[in-house]
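In: Pasting the sequence and the predicted model now:
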Amino acid sequence: MKNVYVITGGGSGMGLATIKELGKDHTIVITGRTLAKLEKAAKEFNDQGYDVVCTTCDVSNREDVKKLVEFCTSKGEIDAVIHAAGVSPHMGSAETILKINALGTHYVDTEFAKVMKSGTVILNVSSMSAYMLPKAMLPIKKYSFIFKDEKKFITKLVKRSRLLGKKMETSLGYPISKNFVCWYTKRVANSMYEKGIRVVSVSPGNFETPMGELESGQGKAFLKNNSIKRFGYPEEIAVLFKHLIDPRLGYLTGTDIVCDGGCVGNLEVYTSKEKKEFKL
């Protein structure tokens, strides 16, 4: 029996591209909400000699996540979880976004950590949007409710998402959900490593994926801030995922890796009045 890699959101986009990079030495479990999409992806790779199995899961439902963990452990010992499942501002209300992106990260990380051994890794996928709101608008002090009152956690974050009115709730809810993912990854690193589990997050910029297409209008607006004046390719982020879960990278935990063509970096170091005049 092979050891297992798990990819949530593995039926399309970054998750799908990652399957190819992970290779044929592991059983790869992909999960999402649409079985037909998952089955199509699994067949495509199994026809090439991969060992891919699929099952559906709603990551915002803890019982669903528990069933996913049970399914994955029946296939072998879990070496890595790449938690790429998530929704964008055009895919639901602020409450839906927060439940899937934020609460779902908590469920996936905690339930898988119960069965994973020393030397394994959990990789949470965030977004460069995690860095786009002023800190004063982020409800960081409310994030810790995730550990004591999940209902209050969602209520308080939805309330902050409506700071600029209900019409703007998804525009705030999404970056808040992704900022939480970065915060959470850092917050649980100590307790995770008591079991020898590394936990890292990755914040992608704009990539050529189905979700990226939904947000392409805003994405194109951000390109002017990029050093690399294009959207990323899913294969590029997949290579990063592959290397971050490599056990030889054993000293890396509790941090976020931004992969966005330089957008966040440029926004951080240049004010609106500065010109990028430096030339090599």
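Out: Okay, I see it.
In: contacts and neighbour counts: CA atoms only from here.
Out: OK.
In: what sits against I197?
Out: 113, 116-122 (Cα atoms under 8 Å, 6 or more residues apart in numbering).
In: Could you pick out which of those are located in helices?
Out: A113 (DSSP state H).
In: So which of the contacts of I197 is surrounded by the most neighbours?
Out: Top of the contacts of I197 by neighbour number is V121, holding 29 neighbours under the definition other Cα atoms under 10 Å.
In: since we're on G196, how many residues are nearby?
Out: G196 has 18 nearby residues by other Cα under 10 Å.
In: re the thing from before, strands - which of the contacts of I197 land there?
Out: 121-122 (DSSP state E).
In: Please produce CSV containing the contacts of I197, extended by pLDDT and distance to V200.
Out: Output for the contacts of I197, formatted as CSV (pLDDT from 0 to 100; distance: Cα to Cα, whole Å):
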residue, pLDDT, distance to V200
A113, 98, 13
M116, 98, 15
K117, 98, 16
S118, 98, 15
G119, 98, 13
T120, 98, 11
V121, 98, 8
I122, 98, 7
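In: Mind putting the contacts of I197 into TSV with distance to I237?
Out: Formatted as TSV, the contacts of I197 follow (distance: Cα to Cα, whole Å):
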residue	distance to I237
A113	24
M116	24
K117	26
S118	25
G119	22
T120	20
V121	17
I122	16
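In: so who does N61 touch?
Out: N61 neighbours (Cα under 8 Å, 6+ apart): 104, 107.
In: per-residue pLDDT, it?
Out: For N61, the pLDDT comes out at 97.
In: Okay, it and V115: tell me how far apart.
Out: Noted for N61: a distance of 18 Å to V115, by Cα to Cα, to the nearest Å.
In: V121 is in contact with R198, correct?
Out: Yes - under the criterion of Cα atoms under 8 Å, R198 makes contact with V121 at 4.6 Å.
In: Quick check: which ranges of the stretch 101-250 of the chain have low pLDDT?
Out: 209-219 (pLDDT under 70).
In: show me where it has helices.
Out: 104-113, 150-161, 169-187, 189-193, 210-214, 216-222, 234-244 (DSSP state H, counting those that start in this stretch).
In: Of those helices, flag the one that's most buried.
Out: helix 169-187 (a mean of 25; mean count of other Cα atoms under 10 Å).
In: Distance from the chain centre to that helix, please.
Out: Taking Cα atoms, centre = their mean, to the nearest Å, the mean C-alpha location of helix 169-187 is offset from the chain mean by 10 Å.
In: That helix to helix 104-113, inter-axis angle?
Out: 30 degrees (axes from the mean of the first three to the mean of the last three Cα atoms, to 10 degrees).
In: Quick check: which helices or strands does helix 169-187 pack against?
Out: helix 94-98, strand 121-125, helix 150-161, strand 198-204 (3 or more Cα pairs under 8 Å, 6 or more residues apart in numbering; DSSP states H and E).
In: Looking at the ones you listed, which is nearest to L252?
Out: Closest to L252 of those, according to Cα to Cα: strand 198-204, at 7.2 Å.
In: Let's have the helices and strands packed on helix 169-187 in JSON lines, adding distance to F222.
Out: Shown next, in JSON lines, are those (distance: least, Cα to Cα, whole Å):
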{"stretch": "helix 94-98", "distance to F222": "22"}
{"stretch": "strand 121-125", "distance to F222": "20"}
{"stretch": "helix 150-161", "distance to F222": "21"}
{"stretch": "strand 198-204", "distance to F222": "13"}
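In: To F45, which of those lies closest?
Out: Nearest to F45, of the helices and strands packed on helix 169-187 and by Cα to Cα, is strand 121-125 at 22.2 Å.
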